[in-house]
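Participant: need a structure here:
(one chain, ligands or ions: 1)
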Amino acid sequence: MSPTTHPLGIDVGGTGIKGAPVDLGVGAFAAERQRVATPETSTPQAVAEVIGGICSTFARQTKGQPVGVTVPAVVSRGVVRTAANIDTSWIGTDADALFSEVLERDVHVLNDADAAGLAEAHYGAARGTKGLVLVTTLGTGIGSALVADGRLLPNSELGHLEVDGVEAESVAANSAREAEDLSWEEWAERLQRYYSTLENLLWPELIVVGGGVSKKAEKFLPLLHLRAPIVPAQLRNDAGIIGAALAAQQMQESARR
Ligand code: BGC
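Facilitator: Numbers count the residues shown, from 1 in each chain. All right, here's what the predicted structure looks like:
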């Protein structure tokens, strides 16, 4: 009998490219994650080579399975449309086609926050929540994902929403807290403005907060007062990889239908 294989999830970030086979039955890595530093000039071709290496490492565990890849950008049907925190040469690249050719596999590329949102909705903090869930990631920028009854509405890009005349992520991302050395209270005031604006527009049932700083959620989430419950993400740094693998499998299934 041939061994069980799993889809591969890959998360492309500003400093590291991380990947692991994902057991979608439980929403967890099926083998230890691999991390490679992001190439200094992170062009699509250079990133494709790194991804190729990660894919070969897990060739046996992922044989015949699709690959999901996250990037910090708008991705519509495989084509990268923006480049807020990545090399501008990504804009206009058909990343699905490029990676599928290099890896000789079905590859599905999606926005990083969308992947994290999908994973939290299926396996994490928003599991089982009916209606609209808003997932945000507070990092270098602010990523967002809207998931309605388990289904992702891609590319919401709510970090770029203008609040009080400024782009939200430039003042409320975790990078702004660090750069301006804000206290938790000062940062929470900005988050309060941001999340209440979002809440008045979208009326989500639940708000999930991810990104590295969600490890310290107890320092700032209790300072926020919103209608919907606001909770930390559960899958932490694994969410992107898990969501990418899930999205790749969902894409493959819908293409077969
Ligand atoms: C980008 C989003 C991304 C987010 C988090 C934003 O600046 O526009 O596409 O999801 O950062 O990386």
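Participant: Pass me the low-pLDDT residue ranges in the stretch 1-150 of the chain, would you?
Facilitator: The model of the stretch 1-150 of the chain has pLDDT under 70 over residues 1-2.
Participant: Show me what from this structure comes close to the ligand.
Facilitator: 72-74, 82, 84-85, 111-113, 137, 139, 141, 143, 157, 159, 169 (Cβ under 6 Å from any ligand atom). To be clear about C-beta, it is placed using only N, CA and C from the backbone, and glycine gets the same treatment.
Participant: cutoff 8 Å now
Facilitator: Counting by Cβ under 8 Å from any ligand atom, the chain comes close to the ligand at 71-74, 82, 84-85, 111-114, 137, 139-144, 155, 157, 159-160, 169.
Participant: contacting residues for the closest residue to Val71 other than its chain neighbours?
Facilitator: Leaving aside its sequence neighbours, Val71 sits nearest to Val12 (Cβ to Cβ, 6 or more residues apart in numbering; 5.1 Å). Val12 makes contacts with 38, 42, 47, 51, 69-72, 86, 112, as judged by Cβ atoms under 8 Å, 6 or more residues apart in numbering.
Participant: Now the stretch 151-257 of the chain against the ligand: closest residue?
Facilitator: Gly159 (4.9 Å; Cβ to the nearest ligand atom).
Participant: Show me what the closest residue to that residue other than its chain neighbours is bridged to.
Facilitator: Among residues not flanking Gly159 along the chain, Ile142 sits closest, at 3.0 Å (Cβ to Cβ, 6+ apart). With DSSP bridges as the criterion, Ile142 is bridged to Leu138.
Participant: dump the residue contacts of Ile142.
Facilitator: 136, 158-159, 168-169, 172-173, 194.
Participant: Could you export those as CSV, including neighbour count and secondary structure?
Facilitator: CSV is the format used below for those (neighbours: other Cβ atoms under 10 Å; DSSP: H, G, I helix; E, B strand; the rest coil):
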residue, neighbour count, secondary structure
Thr136, 31, strand
Leu158, 20, helix
Gly159, 22, helix
Ala168, 26, helix
Glu169, 26, helix
Ala172, 27, helix
Ala173, 26, coil
Tyr194, 24, helix
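Participant: May I ask which two of those residues are separated the most?
Facilitator: Leu158 and Ala173 (12.0 Å; Cβ to Cβ).
Participant: Tell me where the stretch 101-250 of the chain has strands.
Facilitator: Listed in chain order, the strands of the stretch 101-250 of the chain (DSSP state E, counting those that start in this stretch) span 107-111, 132-138, 142-148, 151-153, 162-163, 166-167, 206-210, 230-232.
Participant: With that, I have no additional questions.
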